[in-house]
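Asks: heads up, no residue letters with this:
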């Protein structure tokens, strides 16, 4: 019994000592946890910097977010910096992809984000949080940027907003009017062409129209030329002689008496060879008539009678030549 009481007494004495041991153990654990936290915090470094701290409304600047290791341990990032498209009067213009940074045997990360603002004044970029896989969350330091308003006092070409002027639709093509104008122009050109042809036709020597006379009438006209011999009017005699023969021959060869003797003989050679008796006699008579008409020679009465006789014989020969019957084709 005495031994039991002694053990109980010793246990009561030792209880305070155990309590102090437990308290010391807890304190030691807290110190270790604190030291581990300090080690984790110092294992990585985060930063946020801006390319400029003063901008005008609408101007852009860059925000650079960076995470760097401070030891050889790899960065175990759980959630990257979360930045909304619009926040605190700022607007995200462009997000570049997250780049890696090689640091000794480990690597860091950075991202550049282009921002702008359309609200003048002093604005603060609050700290941006980043989460690691060991449930550690860190924030960047706040940044201040001043947005200046635009000075419009020196703007000279300022104009007030005007009403929108509606553009008039082009008028539809009036094809009926175009067709009428085109036809009018064609008709006008056709009339002008007719007028020009008539004017040119008047300038040309018109073919003298003569009455188609029979061989009997022609022979009688040649007989009537005998009266010019008595009057010694040889030029008029040969002028009439030449005209009567040309008119008669023109009924068959279709030429005008206004043609010269050379032209007349050229047309005649298309029907008779130059050795043909009709061509030879006609050529001799016309050349003799021209010589007398232009007073190059003076004929005798006998020559005049002979010329009239030769002309009559030539007219009869021409009539028989052109009116001879065509042989039947068998």
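Replies: Cool, the structure landed. Being a predicted model, the structure only gives us computed values, none of them experimental. Numbers count the residues shown, from 1 in each chain.
Asks: Give me the contact list for the helix or strand where residue 102 lies.
Replies: Residue 102 belongs to strand 99-103 when assigned by DSSP states H and E. With Cβ atoms under 8 Å, 6 or more residues apart in numbering as the test, strand 99-103 has contacts from 66, 68, 69, 107, 108, 109, 110, 111. Yep, even glycine has a C-beta here, placed from its N, CA and C like the rest.
Asks: Which member of the residues you listed is positioned nearest residue 58?
Replies: Nearest to residue 58 among the contacts of strand 99-103, counting by Cβ to Cβ, is residue 111 at 23.2 Å.
Asks: how about that closest one, secondary structure?
Replies: strand (DSSP: H, G, I helix; E, B strand; the rest coil).
Asks: In this structure it contacts residue 94, no?
Replies: No - taking contacts as Cβ atoms under 8 Å, residue 111 lies outside contact range of residue 94: 11.2 Å.
Asks: Neighbour count: these two, which is higher?
Replies: residue 111 (17 against 11; other Cβ atoms under 10 Å).
Asks: Just the pLDDT for that one.
Replies: Looking at residue 111, its pLDDT is 93.
Asks: Over to residue 76?
Replies: Taking residue 76 on its own, its pLDDT is 79.
Asks: count of neighbours near it?
Replies: 11.
Asks: Which parts of stretch 227-241 count as buried, going by neighbours?
Replies: Using 16 or more other Cβ atoms under 10 Å as the test for burial, stretch 227-241 gives 228, 229, 234, 235, 237, 238, 239, 240, 241.
Asks: And for stretch 91-109?
Replies: 91, 106, 108, 109.
Asks: of those residues, closest to residue 263?
Replies: residue 91 (102.8 Å).
Asks: so which helix or strand takes in that closest one?
Replies: strand 90-95.
Asks: helices or strands up against that strand?
Replies: Packing contacts for strand 90-95, counted by 3 or more Cβ pairs under 8 Å, 6 or more residues apart in numbering; DSSP states H and E, involve strand 106-117.
Asks: Verify the contact between residue 291 and residue 297 for me.
Replies: Yes - between residue 291 and residue 297 there is a contact at 4.7 Å, judged by Cβ under 8 Å.
Asks: Compare neighbour counts for these two and give me the winner.
Replies: With neighbours defined as other Cβ under 10 Å, residue 291 and residue 297 compare such that residue 291 has more, 14 against 11.
Asks: ok, the more buried one - contacts?
Replies: Here residue 291 is in contact with residue 297 (criterion: Cβ under 8 Å, 6+ apart).
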